[in-house]
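Engineer: need a 3D model of the sequence below.
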Amino acid sequence: MTGQQPGETYRAVMHARRPGDGEPCTLIVRRVNGRVELLYHGVLSTGATLSDDEADELAGHLVGATRRRSSS
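Structural biologist: Residues are numbered from 1 along each chain as shown. You can find the predicted model right below:
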């Protein structure tokens, strides 16, 4: 998936690493037709569509996880 899609009003791309094997992966966050989409490798079949409330909840969980870093 490349470029802006019809109805898309926001897009952010983040390069990360998969757990376990450390291989690179791409996370895409976009807003399409008023809904937030989180896509793994930019593929719709491996993504999730979220309401604004669900996106806010996910953001809170991500922040919470960064604050609970293990000291090991």
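Engineer: when you work out contacts or count neighbours from here on, use the C-alpha atoms and nothing else.
Structural biologist: Will do.
Engineer: wasn't residue 5 part of a helix?
Structural biologist: No. Following the definition DSSP: H, G, I helix; E, B strand; the rest coil, residue 5 is coil and is not counted among the residues of a helix.
Engineer: what are the bridge partners for the residue lying closest to it once chain neighbours are set aside, then?
Structural biologist: Beyond its immediate neighbours in the sequence, the residue positioned closest to residue 5 (C-alpha to C-alpha, 6 or more residues apart in numbering) is residue 32, lying 7.9 Å away. Taking DSSP bridges as the rule, residue 32 bridges to residue 8, residue 35.
Engineer: for residue 32, grab the count of nearby residues.
Structural biologist: Here the number of neighbours of residue 32 (other C-alpha atoms under 10 Å) works out to 17.
Engineer: surely it is in contact with residue 10?
Structural biologist: Yes. Taking contacts as C-alpha atoms under 8 Å, residue 32 lies within contact range of residue 10: 7.5 Å.
Engineer: so where do the strands sit in this protein?
Structural biologist: Taking DSSP state E as the test, the strands found in the chain are 8-17, 24-32, 35-40, 43-50.
Engineer: save the ones you listed as TSV, and put in distance to residue 57 and mean pLDDT too.
Structural biologist: Rendered in TSV, the data for the strands of the chain read as follows (distance: least, C-alpha to C-alpha, whole Å; pLDDT from 0 to 100):
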stretch	distance to residue 57	mean pLDDT
strand 8-17	18	95
strand 24-32	15	95
strand 35-40	12	95
strand 43-50	10	92
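Engineer: how about those in TSV, adding distance to residue 64?
Structural biologist: Putting the strands of the chain into TSV (distance: least, C-alpha to C-alpha, whole Å) gives the following:
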stretch	distance to residue 64
strand 8-17	19
strand 24-32	19
strand 35-40	18
strand 43-50	19
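Engineer: ranking the ones you listed by burial, who's on top?
Structural biologist: strand 35-40 (a mean of 19; mean count of other C-alpha atoms under 10 Å).
Engineer: can you spell out which helices and strands pack onto it?
Structural biologist: Contacts of strand 35-40 with other secondary structure elements, assessed using 3 or more C-alpha pairs under 8 Å, 6 or more residues apart in numbering; DSSP states H and E, are made with strand 24-32, strand 43-50, helix 52-66.
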